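*Asks:* got a predicted model here, sequence first, then my questions.
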Amino acid sequence: MSKGFTFRIKRILFDENYHPSDSTRATTNFANLARGESRQANLRNTLAMVNSRFNALANWDNLKGDRYSVKLEIISVDIDIEGNGQHFPSIEILKTNIIDHKTNQQIEGIVGNNFSSYVRDYDFSIVLRNHNKGQSEFSIPDNFGDLHGRLFKDFLNSDVYKENFNKQPVVCLSVSDSKTYQRTENQHPVLGVEYLPNETSLTEQYFKKMGFEVRYFMPLNSAAPLAFYFFGDLLGDYSNLELISTISTMETFQKIYRPEIYNANSVAGNLYQPNLKHSDHSLTQIVYDREERSQLAIKQGKFAEEYFIKPYQSILGQWSENHA
């Protein structure tokens with residue numbers, strides 16, 4: 001039980017037989033890959049890319065580059081607002097598990113990685129759009145992201161989270177094409193070279209309300225830095241293998257979805273500005289419809305408004321105020 005709201009977790013393996021459930025957000029990275037004629041080849045190729053990248057980074061005592069494979073679980077979190085068994089799909093994250101074929105052990109990876117949420121769709125596709133409709137200058141509404149942030153923190157503090165996961169989540173996202181990143185002298189053996197952004201972004205502010213801090217690192221042989229959202233000490237709280245599981249999984253997704261940045265043929269320099277119109281990049285052998293994805297985000301925002309925000313408006317408003 002969590003301070004009035006109850007959470008439940010469902011786990012499903014992300015493998016080549018994966019079929020998205022009805023409650024999965026259609027724009028979620030892994031669901032997008034698992035639709036259409038190419039679904040099985042998409043999934044097989046994606047997992048092969050993850051494993052290949054993992055072994056390239058975990059190259060010690062790994063002469064043939066085949067010691068490890070990554071097992072991915074999709075963690076769906078549903079929330080029951082009134083305690084009556086009526087659940088709404090709240091968030092979806094990924095859990096990495098590492099199979100060591102040399103010792104025949106399964107090693108815990110990191111939970112988080114990918115992050116998707118219907119309420120976030122509502123905030124960005126409905127609230128933010130409506131607030132800026134007809135405005136000459138872009139602005140952010142008061143209390144933007146407050147409810148979402150408090151719901152997420154409530155989940156992290158719940159017994160359900162603590163029973164299922166022994167560490168705080170790490171979420172790994174793409175860099176923003178509206179910012180410039182400066183290379184630093186700081187270098188980590190797995191995360192790679194650290195970059196610093198020239199300014200904060202709306203995504204950073206939104207994730208800060210969820211409790212996350214952010215740092216940007218470019219791992220060895222990557223084309224661009226990744227944004228790592230974390231709690232506590234990113235460099236100290238996780239083992240090398242845990243960090244590699246997140247890098248290999250999320251860099252693979254970014255190569256598919258953001259090839260202009262993460263599959264670019266030239267590597268980020270000392271001063272780096274990502275560019276989604278960058279033509280000098282390679283495409284993966286994986287079919288993906290980016291246009292469809294942006295249209296679906298609006299539909300999902302409306303779904304959250306109709307089935308979650310409006311029916312529970314007074315309860316959520318009161319609860320959010322009490323937890324301010």
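*Replies:* Nice, thanks for sending it over.
*Asks:* so where's the stretch 1-150 of the chain uncertain?
*Replies:* Along the stretch 1-150 of the chain, segments meeting pLDDT under 70 span 1-4, 20-37.
*Asks:* how about a cut-off of 50?
*Replies:* By pLDDT under 50, the weakly predicted segments of the stretch 1-150 of the chain are 1-3, 27.
*Asks:* all helices for it, in order.
*Replies:* 29-33, 39-57, 118-122, 128-132, 146-157 (DSSP state H, counting those that start in this stretch).
*Asks:* hey, C-alpha coordinates of the third one in CSV?
*Replies:* Coordinates of the C-alpha atoms in helix 118-122 are reproduced here as CSV (Å, rounded to 0.1, in the frame of the first residue of the first chain):
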residue,chain,number,x,y,z
TYR,A,118,0.5,8.3,-20.2
VAL,A,119,0.4,11.3,-17.8
ARG,A,120,3.6,12.6,-19.4
ASP,A,121,1.8,12.4,-22.8
TYR,A,122,-1.1,14.3,-21.3
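*Asks:* what are the buried residues along it?
*Replies:* Buried residues in helix 118-122, counted by 16 or more other Cβ atoms under 10 Å: 118-122. Quick note: C-beta positions are derived from backbone N, CA and C, even for glycine.
*Asks:* including distance to S282, could the helices of the stretch 1-150 of the chain go into a markdown table?
*Replies:* Shown next, in a markdown table, are these (distance: least, Cβ to Cβ, whole Å):
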| stretch | distance to S282 |
| --- | --- |
| helix 29-33 | 18 |
| helix 39-57 | 13 |
| helix 118-122 | 30 |
| helix 128-132 | 33 |
| helix 146-157 | 36 |
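*Asks:* of those helices, which is nearest I74?
*Replies:* Nearest to I74 among the helices of the stretch 1-150 of the chain is helix 29-33; the distance by Cβ to Cβ comes to 6.3 Å.
*Asks:* out of the helices of the stretch 1-150 of the chain, which is closest to Q187?
*Replies:* Taking Cβ to Cβ, helix 39-57 is the member of the helices of the stretch 1-150 of the chain nearest to Q187, at 14.3 Å.
*Asks:* helices and strands around that closest one, which ones?
*Replies:* Packed against helix 39-57 by the contact rule (3 or more Cβ pairs under 8 Å, 6 or more residues apart in numbering; DSSP states H and E) you find helix 29-33, strand 68-80, helix 240-257.
*Asks:* taking helix 39-57 as reference, get the angle to the longest one.
*Replies:* What it means is helix 240-257. Between helix 240-257 and helix 39-57, the angle comes out at 140 degrees (axes from the mean of the first three to the mean of the last three Cα atoms, to 10 degrees).
*Asks:* quick one, what contacts V50?
*Replies:* 70, 72, 248-249, 252 (Cβ atoms under 8 Å, 6 or more residues apart in numbering).
*Asks:* kindly report the same for K277.
*Replies:* Residues in contact with K277 (Cβ under 8 Å, 6+ apart) are E260.
*Asks:* from A264, how far off is it?
*Replies:* Using Cβ to Cβ, to the nearest Å, K277 is found at 12 Å from A264.
*Asks:* same check on E163?
*Replies:* Counting by Cβ to Cβ, the separation of E163 from A264 is 42 Å.
*Asks:* of the two, which one has the most company?
*Replies:* Legend: neighbour count by other Cβ atoms under 10 Å for E163 and A264, higher for A264 (20 against 9).
*Asks:* isn't that one right up against L283?
*Replies:* No. Using Cβ atoms under 8 Å, A264 is not in contact with L283; the gap is 11.5 Å.
*Asks:* quick one: the strands in the stretch 51-200 of the chain?
*Replies:* Assigned by DSSP state E, counting those that start in this stretch, the stretch 51-200 of the chain shows strands spanning 68-80, 87-100, 105-117, 170-173, 181-188, 192-197.
*Asks:* hang on, the earlier thing: need the helices and strands packed on helix 39-57 in CSV with distance to E108 and mean neighbour count, can you?
*Replies:* Formatted as CSV, those follow (distance: least, Cβ to Cβ, whole Å; neighbours: other Cβ atoms under 10 Å):
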stretch, distance to E108, mean neighbour count
helix 29-33, 20, 23
strand 68-80, 11, 20
helix 240-257, 7, 24
